[in-house]
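what follows is a predicted structure for the sequence shown.
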Amino acid sequence: MSFLAQTAEDPSPESIPGAADGRAHLFNDRTAESYRRSVTDGVGLVASTVARTDRPFTGVTPGELAPEISGIDLEQPLGDPSAALKELERVYLKDAVYFHHPRYLAHLNCPVVIPALVGEAVLSAVNSSLDTWDQSAGGTLIERRLIDWTAERIGLGEAADGIFTSGGTQSNLHALLLARDEACKLVEKEAAADGKAVAKSEILPRLRILTSQASHFSVQKAAAILGLGYEAVIAVPCDQDRRMRTVALARELDRCLSEDLVVMAVVATAGTTDFGSIDPLPEIAELCSRHGSWLHVDAAYGCGLLASPTRRHLLDGIERADSVTVDYHKSFFQPVSSSAVLVRDRATLGHATYHADYLNPERSVDMLIPNQVDKSIQTTRRFDALKLWLTLRVMGADAVGALFDEVVDRAADAWGVLDTDPRFEVVTEPQLSTLVFRYVPGDDSDPDLVDRANLHAREALAASGEAVVAGTVVDGRHYLKFTLLNPETSLRDIAFVLDLLAEHAGQYLALRIEPELSHSRAS
């Protein structure tokens, strides 16, 4: 029987239970119009929801929302996209946390620009996977061009390269993987020059990572994942502005050398999560050069300065890094995920290369086929670069940088307000757009009670839905935190939130101090 005759006898979709219904939802040439209608309805729902949102959060609790989700029977599809969207409005959109709102002041979440949202829609529909050329074609070249553009902005040089990642945690892990293997290679080479052989398993316990006390916790996580353990990370003290003390760094570098420990990497931060502080990059780079240590700069937050028309100088010294983390989804106003790790020497990316015969065989290299999986610790990978590409093609880098400048300016103004407000104490003047502060009553209240008042103020504010702020711990005490990434946030918004926080904290203290005073007077 011929092949055509065989295929003519294949069962039709109608003869397979559910197959016809399933095929109706596949995106292809025959369903393009259905796709247009469904996506238009979804976009319309989001647009109308955002247009009428008057606060960043409803204050819903996990206990209130969980039954709504768990009560949905996933074995019983709704069938109708409109019904599914209506349900989604009830269980997600109604109670979502909206980062676009000017009184969302909590974490490193930015409002997103419309060209990037267009890119998100396109990349999701085409669904390219950027691991190999034969799954992405032009997507590969667009991503590579954006990596080159970013490397040029950093100043890493002609041999630079990189790869898009899921976020700063992955970028830091990737960079430290390369640093670890470069350090092992150097130790092995030095041992061989002395006529000795040393196993990698013998080197790993000697490796250390130096980073500031204010750096991101992903450095510790990376050390654990890389087989070094949390104890391999040495926290270097910070100054009063929460920047790494270079004198202390020099001392640690010398100590490690004297104890036959290998500093595989120094991690400097350009924009700490809590304080927005930028470590003294030129001095740190000089120390790394002198000691032969890999310098990684975590600029996940501060990378917006790369596009700043006025503040690029705050990143001076970053061009001397061996690797750099950038999070476009923080300060380039991109939707999650959009991040990258960049390296000074593209050859170092080879530490993450593995050639699989079915995917990226070695012959592909000789054939000059650009397979991004050769550089990545991921295999299947979204075309997230498209969002940044359309942002630059529509808006341009200066416009993005100007937006970031606005939030830095706003933070400086807000610091002036906080610094002169007797109700609050602020930890440090910001370099970027983060403010850490604490409500303080005008008396000698118990510091533990003041801690609880600040915790209560944050929780009560979130429960009201009027605003969302973050919290952190500084020197053992609880503080509040504003992270300003929305150019639409005004000083009036900030003053409004400060009044609410002071009111909640003051009421908490009054309810607890007055009974104590009454008891004291009675006795």
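Alright, I've got the coordinates.

could you use CA atoms for every contact and neighbour count after this?
OK.

could you confirm residue 240 falls within a helix?
No: judged by DSSP: H, G, I helix; E, B strand; the rest coil, residue 240 forms no part of a helix; its state is coil.

once you drop chain neighbours, what's closest to it?
The shortest distance from residue 240 to any non-neighbouring residue, by CA to CA, 6 or more residues apart in numbering, is to residue 428 (7.4 Å).

contact partners for the one you found?
240, 241, 242, 275, 435, 436 (CA atoms under 8 Å, 6 or more residues apart in numbering).

how close does it sit to residue 121?
Distance, residue 428 to residue 121, by CA to CA, to the nearest Å: 41 Å.

what does residue 256 give?
On the measure of CA to CA, residue 256 and residue 121 end up 50 Å apart.

can you check residue 280 too?
Per CA to CA, residue 280 is found 40 Å from residue 121.

these two: who's more crowded?
Taking other CA atoms under 10 Å, residue 280 and residue 121 do not tie; residue 280 has more neighbours (20 against 14).

state the pLDDT value of the more buried one.
Looking at residue 280, its pLDDT stands at 98.

okay, buried residues for the helix or strand where residue 149 lies please.
Take DSSP states H and E as the rule and residue 149 turns out to sit in helix 138-154. For helix 138-154, a neighbour-count test (16 or more other CA atoms under 10 Å) marks 139, 140, 142, 143, 144, 146, 147, 148, 150, 151, 153, 154 as buried.

just the C-alphas of stretch 491-505, formatted as PDB.
Provided in PDB are the C-alpha atoms of stretch 491-505 (Å, rounded to 0.1, in the frame of the first residue of the first chain):
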ATOM      1  CA  LEU A 491       5.900  63.800  45.900                       C
ATOM      2  CA  ARG A 492       2.300  64.200  46.800                       C
ATOM      3  CA  ASP A 493       1.800  60.400  46.600                       C
ATOM      4  CA  ILE A 494       4.900  59.900  48.800                       C
ATOM      5  CA  ALA A 495       3.700  62.400  51.400                       C
ATOM      6  CA  PHE A 496       0.200  60.700  51.400                       C
ATOM      7  CA  VAL A 497       1.800  57.300  52.100                       C
ATOM      8  CA  LEU A 498       4.000  58.700  54.800                       C
ATOM      9  CA  ASP A 499       1.000  60.200  56.600                       C
ATOM     10  CA  LEU A 500      -0.800  56.800  56.400                       C
ATOM     11  CA  LEU A 501       2.200  55.000  57.800                       C
ATOM     12  CA  ALA A 502       2.600  57.500  60.600                       C
ATOM     13  CA  GLU A 503      -1.100  57.200  61.400                       C
ATOM     14  CA  HIS A 504      -1.000  53.400  61.500                       C
ATOM     15  CA  ALA A 505       2.100  53.300  63.600                       C
END
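
ok, which stretches of the stretch 51-200 of the chain are strands?
Using DSSP state E, counting those that start in this stretch, the strands assigned to the stretch 51-200 of the chain run over residues 104-105, 161-165.

and the helix or strand containing residue 408, what does it pack against?
According to DSSP H and E, residue 408 maps onto helix 397-419. Packing contacts for helix 397-419, counted by 3 or more CA pairs under 8 Å, 6 or more residues apart in numbering; DSSP states H and E, involve strand 424-426, strand 434-439, helix 491-522.

I'd like the ones you listed as TSV, with mean neighbour count, distance to residue 159 and mean pLDDT appended.
Compiled in TSV, those are given as follows (neighbours: other CA atoms under 10 Å; distance: least, CA to CA, whole Å; pLDDT from 0 to 100):
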stretch	mean neighbour count	distance to residue 159	mean pLDDT
strand 424-426	18	43	96
strand 434-439	26	34	98
helix 491-522	15	44	83
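
could I get those as JSON lines with distance to residue 413?
Shown next, in JSON lines, are the helices and strands packed on helix 397-419 (distance: least, CA to CA, whole Å):
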{"stretch": "strand 424-426", "distance to residue 413": "13"}
{"stretch": "strand 434-439", "distance to residue 413": "11"}
{"stretch": "helix 491-522", "distance to residue 413": "7"}
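
for the residue nearest to residue 240, helix, strand, or coil?
Local secondary structure at residue 428 is given as coil here, using three-state DSSP.

measure residue 425 to residue 257 for me?
Taking CA to CA, one finds residue 425 at 41 Å from residue 257.

actually residue 496, not the one I typed
Computed as CA to CA, the residue 496 to residue 257 distance reads 53 Å.

which secondary element of the protein has the worst mean pLDDT?
Taking mean pLDDT, DSSP states H and E as the measure, the helix or strand of the chain with the lowest value is helix 3-8, at a mean of 55.

could you measure from the nearest residue in space to residue 414 that is not next to it in sequence over to residue 411?
Using CA to CA, 6+ apart and skipping the chain neighbours, the partner closest in space to residue 414 is residue 491 (6.6 Å). Residue 491 sits 9 Å away from residue 411, going by CA to CA.

got it, and residue 223?
To residue 411, residue 223 is 33 Å away according to CA to CA.

the more surrounded of these two?
residue 411 (27 against 22).

excluding sequence neighbours, find me the nearest residue to the more buried one.
residue 433 (4.9 Å).

and the one you found, how many residues sit next to it?
Quick note: residue 433 (other CA under 10 Å) scores 29 neighbours.

contacting residues for it?
276, 407, 408, 409, 410, 411, 412, 483, 484, 485.

so what's the second one up against?
The one in question is residue 407. Per CA under 8 Å, 6+ apart, neighbours of residue 407: 433, 484, 485, 486, 487.

isn't the last one up against residue 409?
No: assessed by CA atoms under 8 Å, residue 487 is found out of contact with residue 409, at 9.4 Å.

joint contacts of the two?
Joint contacts of residue 487 and residue 409 (CA under 8 Å, 6+ apart) do not exist.

residue ranges with poor pLDDT in this structure?
1-20, 514-523 (pLDDT under 70).

ok, so of the contacts of residue 428, who is nearest residue 192?
Closest to residue 192 out of the contacts of residue 428 is residue 242 (41.7 Å), distances taken as CA to CA.

thinking again about what came up before, just the ones of the contacts of residue 407 in helices?
Within the contacts of residue 407, no residue falls in helices by DSSP state H.

can you tell me which of these lies nearest to residue 32?
Nearest to residue 32 among these: residue 486, at 35.9 Å, using CA to CA.

who's in contact with the closest one?
Residue 486 touches 100, 101, 102, 110, 111, 407, counting by CA under 8 Å, 6+ apart.

residue ranges for the strands of the stretch 301-450 of the chain, please.
Here the stretch 301-450 of the chain has its strands, by DSSP E, counting those that start in this stretch, at 323-327, 339-343, 424-426, 434-439.

each with direction, which strands does the third one pair with?
What it means is strand 424-426. Paired strands of strand 424-426, with direction, are strand 434-439 (antiparallel) (DSSP bridges).

what's the answer for the first one, then?
Sheet pairing for strand 323-327, assigned by DSSP bridges, gives strand 294-299 (parallel), strand 339-343 (antiparallel).

how about the nearest residue to residue 278, chain neighbours excluded?
Among residues not flanking residue 278 along the chain, residue 270 sits closest, at 4.3 Å (CA to CA, 6+ apart).

and for that neighbour, the neighbour number?
Count around residue 270 with other CA under 10 Å applied: 30.

likewise residue 266?
27.

element containing it, please.
Secondary structure assigned from DSSP H and E places residue 266 in strand 262-269.
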